[in-house]
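A.B. asks: Dropping the sequence and predicted coords here.
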Amino acid sequence: MIPDNNLISFNGPHHNGLTVEHPDLILPTPQTTDTLKFSTELTAFRGIFGKVYSGTEDAVDINNRCHDIVLGFDTVVLGGKMGITIKGGSKDIGITIRNLVGRGQEVDVDIGNWSDQSHEPVTGVYLDIRRADKSPVTVRVINGEKPLLAPGSGPYKFIFPQPWIPLSLRAKVFQQLRRSGLFR
C-alpha cells in the first residue's frame with residue numbers, strides 16, 4: 001500500500017477545537033493524493049476555504065473517527081478518484097460547497113468506504129453542495145447512514161449501493177467484499 005501524500009493535514013488532538021480560514025487557492029502538486037486531510041479523531045474543527053483543487057485521490061479526505069467537523073468551501077474542483085471521502089467511523093460532519101466543478105472519477109462524495117484505521121460506520125453527515133450547471137452531485141453510501149441534504153442544495157444522485165438498503169446489510173456486504181479483495 002502506497003502512503004498518502006497530503007498537501008494540508010489537520011489532526012486531533014493538536015488541531016481539536018480550531019477554526020481555520022484559508023480563502024486562498026489551494027492547488028496540489030502532481031504527487032498530492034489528498035489535498036485536505038482531516039484525521040486522528042479530530043474534534044470540533046471548523047474550516048472555511050476558498051477554491052480547492054483535487055489531488056489524485058481526493059480534494060477532501062476525512063478519516064479515523066473525526067467528529068463535529070464543519071467545512072465550507074467557495075469552490076471545489078474535482079479530478080481525482082473521489083471528490084470528498086468520509087470514512088473510518090467519522091460522525092457529525094457538515095460540508096457546504098457553493099460551487100462543485102468537475103466529477104470524481106468514481107464518485108463526487110463517498111461515505112463509509114474502506115479505512116485501515118477504523119471499520120466503524122459513518123453517521124450524521126450533512127451535505128449542502130451545489131453545482132453552477134445544476135447537474136447532480138453523485139453520492140455513494142457504503143458503510144454509513146444516508147446523509148441529510150440541505151434544502152435547495154443538490155440535486156443528488158445516489159449510486160450503488162443505494163442508501164435505502166439497511167446499514168446492517170450494506171455493512172455485511174462491504175465486509176465480504178473487503179475480505180475477498182474485490183473492494184478496497
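C.D. replies: Noted; the coordinates are in hand.
A.B. asks: Could you check how far the residue positioned nearest the centre of the chain is from Asp61?
C.D. replies: Central residue of the chain (Cα atoms, centre = their mean): Thr85, 2.5 Å from the mean position. From Thr85 across to Asp61, the span is 5 Å (Cβ to Cβ, to the nearest Å). All C-beta atoms are positioned from the backbone trio N, CA, C, and that covers glycine.
A.B. asks: Phi and psi next, for Thr40.
C.D. replies: The phi and psi values for Thr40, taken as degrees, to the nearest 10, are phi 60, psi 60.
A.B. asks: give me the number of residues near it?
C.D. replies: Residues lying near Thr40 (other Cβ atoms under 10 Å) number 20.
A.B. asks: swap in Gly17?
C.D. replies: The burial count for Gly17: 12, using other Cβ under 10 Å.
A.B. asks: swap in Arg103?
C.D. replies: Neighbourhood size, Arg103 [other Cβ under 10 Å]: 15.
A.B. asks: Surely it touches Thr138?
C.D. replies: Yes - at 7.5 Å, Arg103 counts as touching Thr138 under the criterion of Cβ atoms under 8 Å.
A.B. asks: Report how many residues lie close to Gly154.
C.D. replies: Per other Cβ under 10 Å, the neighbour tally for Gly154 reads 18.
A.B. asks: Could you pull up phi and psi at the spatially closest residue to it that is not a sequence neighbour?
C.D. replies: Distances taken as Cβ to Cβ, 6 or more residues apart in numbering put Val137 closest to Gly154, at 5.9 Å, once the chain neighbours are dropped. Main-chain torsions, Val137, degrees, to the nearest 10: phi -90, psi 120.
A.B. asks: ditto for Ile48
C.D. replies: For Ile48, the backbone dihedrals (degrees, to the nearest 10) come out as phi -120, psi 120.
A.B. asks: Provide a list of residues in contact with it.
C.D. replies: By Cβ atoms under 8 Å, 6 or more residues apart in numbering, the residues touching Ile48 are 19-23, 72.
A.B. asks: what's the answer for Thr123, then?
C.D. replies: Going by Cβ under 8 Å, 6+ apart, the list of residues near Thr123 reads 91-92, 144-145.
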